[in-house]
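Asks: Fold the following.
(one chain, ligands or ions: 1)
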Amino acid sequence: MLTSNHYPYDVLVAGGGNAALCAAITARRAGARVIVLESATRDFRGGNSRHTRDIRYMHRAASEFVTDAYGEEEFWQDLRGVTGGATNERLARLVIRESETLGDWMPANGVRWQKPLRGTLHLTRSNLFMLGGGKAMMNAYYDTAAKLGVEIHYDSEVQELKVRDGEFISAVALRDGSARAMGAKAIVVAAGGFEANIPWLKEYWGEAAENFIIRGTKNNQGVLLRELLKHGAKPEGDPRGCHAVALDARAPKFDGGIVTRLDSVPFGIVVNKMVKRFYDEGEDFWPKRYAIWGKLIAEQPGQIAYSIVDANALPRFMPSVFPPVAAGSIAELATAMEIDPQALVAVVEEFNRSARVGRFDPGSLDDCHTEGLTPPKSHWAKAIDTPPYYGYPLRPGITFTYLGVAVDELARVIMQNDRPAKNIFAAGEVMAGNILGQGYLAGFGLTIGSVFGRIAGREAARHGCA
Ligand SMILES: Cc1cc2nc3c(=O)[nH]c(=O)nc-3n(C[C@H](O)[C@H](O)[C@H](O)COP(=O)(O)OP(=O)(O)OC[C@H]3O[C@@H](n4cnc5c(N)ncnc54)[C@H](O)[C@@H]3O)c2cc1C
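Replies: Model prediction:
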């Protein structure tokens, strides 16, 4: 039943992750009456933001929490490199410059930093790590928002937007089992991407999408992205584009977070279910390559692959959350993993024969490579010959999707006539495609959401309080 219920709000924030809370806090501090509608329950609030660990930001010097400076030009060049130019430079530089204030703004709103740690991703110079990770960050933001007087409703999915001539009128939200229309003078849409919507993914990936594992919240169904597009917002970003990594196939379908990623690939070989290698496992350093493996696996039959390593390799990568399949011989390992034992023995023997002896060094692009093997393994190619042998089943793990809506530097949603909507603002993953058209820069998802969340909150409040 639809009960019309016009609440006295200046700004309605749809979504409950980093971008939403940055918007809500900023709008409230600017004097607006703010309501947040989060589709998750309280326990699962915070979207994919609660799975994060670190944020990239521009800074001019080392501090207690970062090891050296990271300036605008270097930041921009890094972004240009990973996107291959698929970025809007004006918006990208805005995010980079505005990120400089996040180092202080986030702690002022409850976030605490952690001293730099040694890790696999080499981010201690460019990125700040949140103490307690994204979960603690989101708890801090919710706490701050509540203390400021932001009204927060959980279990409140916004299902429909009423928009007339590019002007937001009201949002229809499912709350306590009934649909309610909620009016506000402005809306900030910060409801993430559509990566958890398997039928939508299937439109671009076909049946293969059934076998994708979604690393984050099941609530990111793209309902509001679809609504904005339906009302004439200009799309931005490749609909098929998604950030996808190699994940342990035993991970839960949704919300496994960071721990189900597997980093074993460069230290062994990877075969598909036909027991064929299909890509160079040692092409480049893992932090530069881990995000291509999701797509590679998505293209294999049944969207499954198997990472095979031996006892020498096991200590070289981050321990897995699920124990590897272990066996005393390659044939036994194959049997345990339900792939053809003879074929796996043959693949491993061929690989071992082609691996040239060199100086093995996981810290450099070393000279341990294969010769006469297709596809080659360019680095870290060491014979797999020391039992016990270990295997991990791998699936594509989708982190987020790239399709979003176009925005301008005031976070206003751009309509198909290239004019900004009057009172509709967007922040976070729903507009990140403007800046990150492809590829990924670790810690940059939060940067975009934080900067655009603050802009959207500020501008929505300006509109809402006028
Ligand atoms: C495992 C993992 C690790 C990551 N690690 C990092 C990292 O360390 N650093 C980094 O920068 N990025 C990281 N990312 C990417 C990062 O999570 C995103 O870029 C960022 O969190 C996006 O923020 P957001 O607010 O746009 O979306 P989200 O945080 O996903 O929030 C979307 C919110 O909208 C709500 N919602 C959805 N639909 C509706 C609706 N119809 N009505 C109401 N509410 C709705 C959801 O419940 C959710 O609360 C990681 C992602 C994953 C999955």
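
Asks: Contacts for stretch 91-109, please.
Replies: Stretch 91-109 is contacted by residues 25, 55-60, 63, 65, 72, 75-76, 79, 113, 128, 130, 137, 140-141, 144, 407, 409, 434-435, 447-448, 450-452, 454-455 when judged by Cβ atoms under 8 Å, 6 or more residues apart in numbering. From N, CA and C alone the C-beta is placed, and that goes for glycine too.

Asks: please redo it, this time with the cut-off set to 7 Å
Replies: 25, 55, 57-59, 72, 75-76, 79, 113, 128, 140-141, 144, 409, 434-435, 447-448, 450-451 (Cβ atoms under 7 Å, 6 or more residues apart in numbering).

Asks: Show me which residues of it are buried.
Replies: 91-96, 98-100, 102-103, 105-106, 109 (16 or more other Cβ atoms under 10 Å).

Asks: Also stretch 372-389?
Replies: Residues of stretch 372-389 classed as buried by neighbour count (16+ other Cβ under 10 Å): Leu373, Pro376, Lys377, Ser378, His379, Trp380, Ala381, Lys382, Ala383, Ile384, Tyr389.

Asks: Need the CA coordinates for that stretch. CSV is fine.
Replies: This file holds the C-alpha atoms of stretch 372-389, laid out as CSV (Å, rounded to 0.1, in the frame of the first residue of the first chain):
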residue,chain,number,x,y,z
GLY,A,372,58.8,-22.9,-25.4
LEU,A,373,55.6,-22.9,-23.4
THR,A,374,52.3,-21.4,-24.5
PRO,A,375,51.1,-19.3,-22.8
PRO,A,376,54.5,-18.5,-21.2
LYS,A,377,55.1,-17.7,-17.6
SER,A,378,57.4,-14.7,-17.7
HIS,A,379,58.6,-14.5,-14.1
TRP,A,380,58.7,-16.6,-11.0
ALA,A,381,58.5,-19.8,-13.0
LYS,A,382,59.8,-22.4,-10.6
ALA,A,383,59.2,-26.1,-11.0
ILE,A,384,56.2,-27.4,-9.1
ASP,A,385,58.0,-30.4,-7.7
THR,A,386,57.9,-30.3,-3.9
PRO,A,387,55.1,-32.1,-2.1
PRO,A,388,52.7,-31.6,-0.5
TYR,A,389,50.9,-30.0,-3.5
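
Asks: Show the residue spans covered by the strands in the stretch 351-466 of the chain.
Replies: Using DSSP state E, counting those that start in this stretch, the strands of the stretch 351-466 of the chain run over 389-401, 404-405, 412-414, 420-426.

Asks: chain center to the longest one, what's the gap?
Replies: Going by Cα atoms, centre = their mean, to the nearest Å, the spacing between the C-alpha centre of strand 389-401 and its chain's C-alpha centre is 15 Å.

Asks: What of the third one?
Replies: Strand 412-414 sits 23 Å away from the centroid of its parent chain (Cα atoms, centre = their mean).

Asks: all helices of the stretch 101-250 of the chain, in order?
Replies: Along the stretch 101-250 of the chain, the segments classed as helices by DSSP state H, counting those that start in this stretch run 102-108, 133-148, 198-205, 223-230.

Asks: Likewise for the stretch 251-400 of the chain?
Replies: Under DSSP H, counting those that start in this stretch, the stretch 251-400 of the chain gives helices at 286-289, 293-298, 330-336, 341-354.

Asks: how near is the residue lying closest to Tyr204 once chain neighbours are set aside to Lys234?
Replies: Spatial nearest neighbour of Tyr204, chain neighbours left out: Arg240 (4.1 Å); criterion: Cβ to Cβ, 6 or more residues apart in numbering. Applying Cβ to Cβ, to the nearest Å, the value for Arg240 to Lys234 is 18 Å.

Asks: Have a look at the two and say which one is more surrounded.
Replies: Lys234 (17 against 13; other Cβ atoms under 10 Å).

Asks: Which residue is the nearest non-sequential neighbour of the more buried one?
Replies: Closest to Lys234 by Cβ to Cβ, 6+ apart is Ala406, at 4.1 Å.

Asks: Redo the helices of the stretch 251-400 of the chain as JSON lines? Include mean pLDDT, distance to the ligand and mean neighbour count.
Replies: Shown next, in JSON lines, are the helices of the stretch 251-400 of the chain (pLDDT from 0 to 100; distance: least, Cβ to the nearest ligand atom, whole Å; neighbours: other Cβ atoms under 10 Å):
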{"stretch": "helix 286-289", "mean pLDDT": "79", "distance to the ligand": "13", "mean neighbour count": "16"}
{"stretch": "helix 293-298", "mean pLDDT": "95", "distance to the ligand": "12", "mean neighbour count": "22"}
{"stretch": "helix 330-336", "mean pLDDT": "98", "distance to the ligand": "28", "mean neighbour count": "19"}
{"stretch": "helix 341-354", "mean pLDDT": "98", "distance to the ligand": "31", "mean neighbour count": "17"}
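
Asks: With distance to Tyr279 added, can I get the ones you listed in TSV?
Replies: Shown next, in TSV, are the helices of the stretch 251-400 of the chain (distance: least, Cβ to Cβ, whole Å):
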stretch	distance to Tyr279
helix 286-289	9
helix 293-298	5
helix 330-336	20
helix 341-354	13
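
Asks: is stretch 420-434 up against the ligand anywhere?
Replies: Yes. Residues of stretch 420-434 contacting the ligand under Cβ under 6 Å from any ligand atom: Gly428, Glu429.

Asks: burial count for Arg29?
Replies: 17.

Asks: center of the chain - which residue?
Replies: Residue closest to the mean C-alpha point of the chain, counted by Cα atoms, centre = their mean, is Thr399 at 4.1 Å.

Asks: Check the offset of stretch 414-421 from the chain's centre.
Replies: Taking the mean of its C-alpha atoms, stretch 414-421 sits 27 Å from the chain's own mean (Cα atoms, centre = their mean).

Asks: contact partners of that stretch?
Replies: With Cβ under 7 Å, 6+ apart as the test, stretch 414-421 has contacts from Gly166, Gly232, Ala233, Lys234, Ala406, Val407, Asp408, Arg412, Val413.

Asks: which of those residues has the weakest pLDDT?
Replies: Among those, Gly166 carries the weakest pLDDT, at 89.

Asks: how much space between the nearest residue to that one once chain neighbours are set aside and Ile448?
Replies: Leaving aside its chain neighbours, Gly166 sits nearest to Ala421 (4.4 Å; criterion: Cβ to Cβ, 6+ apart). According to Cβ to Cβ, Ala421 and Ile448 sit 19 Å apart.

Asks: Thr335 too?
Replies: On the measure of Cβ to Cβ, Thr335 and Ile448 end up 47 Å apart.

Asks: excluding its backbone neighbours, what's nearest Thr52?
Replies: Nearest to Thr52 is Gly134, by Cβ to Cβ, 6+ apart, at 3.6 Å.

Asks: residue contacts, Cys45?
Replies: For residue 45 the amino acid is Arg, not Cys. With Cβ under 7 Å, 6+ apart, Arg45 has these contacts: Gly16, Glu38, Met138, Tyr142, Tyr154.
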